[in-house]
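Enquirer: Just need the structure, nothing else, for what follows:
(chains A and B)
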Amino acid sequence: NAGVMQNPRHLVRRRGQEARLRCSPVKGHSHVYWYRQLPEEGLKFMVYLQKENIIDESGMPKERFSAEFPKEGPSILRIQQVVRGDSAAYFCASSPLGGDGEQYFGPGTRLTVT
Amino acid sequence: QQQVKQSPQSLIVQKGGISIINCAYENTAFDYFPWYQQFPGKGPALLIAIRPDVSEKKEGRFTISFNKSAKQFSLHIMDSQPGDSATYFCAATSSNTGKLIFGQGTTLQVKP
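Expert: The predicted model follows:
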């Protein structure tokens, strides 16, 4: 069984560029969550999506960040006009049930903004 | 009210000893409390989880103790091994949101 897959694993962007992070959930899971982990900090919730729907985006910065989970294909977290403060590890988790169901994390994408 | 407070920040234990990590929460709507283990450069891995209808859950060397009235829960690692050296995160969520609220993490070092 393939777990949650994320790519790229490492991404370097210059200030002002766009970053696109991809997440393929566990097969059969229709609930996807994105979390951000800043250096030496815990994980912070960003957004919760089901297929074609954003359920909760209360943790997303108001500007430059967007997420989608299309009917076909992976979930995408998009960061426009990146700044140095966006440098972090971004983790995707998937769940078969949503709600208080178990969430399984991917290996993360480590974004470095130079 | 959404916070989960975790302590200690770091912990050093001798091989064979017991590692204890504590968490406290405020939101009484939380009804699912998982623990995650994270190795450097890796994603968090679900270790064990508990719901508030039980006071204790044990899986192998890992035990969660849950005190609903005190709004506290803890992870006990029995017979700690060097391979247990990692960062441990407690988390909480409620069934109507799904989003995990994480503690700040505890870096555990088990000395051989």
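Enquirer: all strands for chain A, in order.
Expert: A:5-7, A:10-13, A:19-24, A:31-37, A:43-50, A:53-56, A:65-68, A:75-79, A:88-95, A:104-105, A:109-113 (DSSP state E).
Enquirer: Now do the shortest one: which elements does it pack against?
Expert: Right, strand A:104-105. Using 3 or more CB pairs under 8 Å, 6 or more residues apart in numbering or on different chains; DSSP states H and E, the elements in contact with strand A:104-105 are strand A:88-95, strand B:45-50. For glycine as for every other residue, the C-beta is placed from the backbone atoms N, C-alpha and C.
Enquirer: From the chain's centroid, how far away is it?
Expert: Put simply, strand A:104-105 sits 11 Å off its chain's centre (CA atoms, centre = their mean, to the nearest Å).
Enquirer: What strands line up against that strand, and which way round?
Expert: strand A:88-95 (antiparallel) (DSSP bridges).
Enquirer: What mean pLDDT does the strand it pairs with get?
Expert: Average pLDDT, strand A:88-95: 96.
Enquirer: What are the contacting residues of stretch B:20-30?
Expert: Contacting residues not belonging to stretch B:20-30 are listed as B:1-8, B:11, B:33, B:52, B:70-77, B:88, B:90, B:92-94, B:96, B:101, B:103, B:106, B:108 [CB atoms under 8 Å, 6 or more residues apart in numbering or on different chains].
Enquirer: mind checking the end-to-end distance for it?
Expert: Across stretch B:20-30, the terminal residues are separated by 22 Å (CA to CA, to the nearest Å).
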